[in-house]
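Q: Let me see the structure of the following:
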Amino acid sequence: MMVEEVKSLIHTVESHGTHIQSAFRDYQDKHFIQRTPEFFCLELCGEAGELANLEKKLWKGKEIDPEAVESEVADVFIALHNYANSRGISIAKVVAEKLAKIEEKRSKHQSEGTIY
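A: Predicted structure coming up:
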């Protein structure tokens, strides 16, 4: 049985995610040239790589401006929406489905006394 907090999370994703993704699609379509899904996939990988590089520097003990990390998180979020839109993927739908699967596995492990 799915716990209430997961049900609430899924509801939030389904209710708001679609609107957020649609707004990104409208903005992209209105203000930028059309790009292929492959372009957006590479953009997403590049932005995630930039975030990972900052995290690696933090892990090594280097001082990194928190705003740089925040900026890269925003870039990944935007790039993910652009990629999903270019492929016709509903982030809200697939995230809600994935959360339900994760919760099913998590609760099974919990009932068995194992860690997921």
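Q: Distance check, C41 against E97.
A: Shown here: C41 relative to E97, a distance of 21 Å by C-beta to C-beta, to the nearest Å. All C-beta atoms are positioned from the backbone trio N, CA, C, and that covers glycine.
Q: Report all helices and strands that the helix ranked longest in the chain contacts.
A: With DSSP state H setting the assignment, residue counts place helix 4-31 as the longest helix in the chain. Contacts defined by 3 or more C-beta pairs under 8 Å, 6 or more residues apart in numbering; DSSP states H and E place helix 4-31 against helix 66-87, helix 91-112.
Q: Tabulate those helices (TSV), appending mean pLDDT, mean neighbour count and distance to I20.
A: What follows is those, written out as TSV (pLDDT from 0 to 100; neighbours: other C-beta atoms under 10 Å; distance: least, C-beta to C-beta, whole Å):
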stretch	mean pLDDT	mean neighbour count	distance to I20
helix 66-87	98	16	7
helix 91-112	95	14	8
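Q: For I33, which of those is the nearest?
A: helix 66-87 (12.1 Å; C-beta to C-beta).
Q: Compute the inter-axis angle for the closest one and helix 4-31.
A: 80 degrees (axes from the mean of the first three to the mean of the last three C-alpha atoms, to 10 degrees).
Q: Contacts for helix 66-87, please.
A: Residues outside helix 66-87 that contact it (C-beta atoms under 8 Å, 6 or more residues apart in numbering): 20-21, 24-25, 28, 35-37, 39-41, 43-44, 46-48, 50-51, 54-55, 58, 89-91.
Q: got it, and stretch 47-63?
A: By C-beta under 8 Å, 6+ apart, the list of residues contacting stretch 47-63 from outside reads I64, A68, V69, E72, V73, D75, V76, I78, A79.
Q: Leaving out chain neighbours, which residue sits closest to L99?
A: Counting by C-beta to C-beta, 6 or more residues apart in numbering, I10 is the residue found nearest to L99 once chain neighbours are left out, at 5.3 Å.
Q: re the thing from before, which one of the helices and strands packed on helix 4-31 lies nearest to V6?
A: helix 91-112 (4.6 Å).
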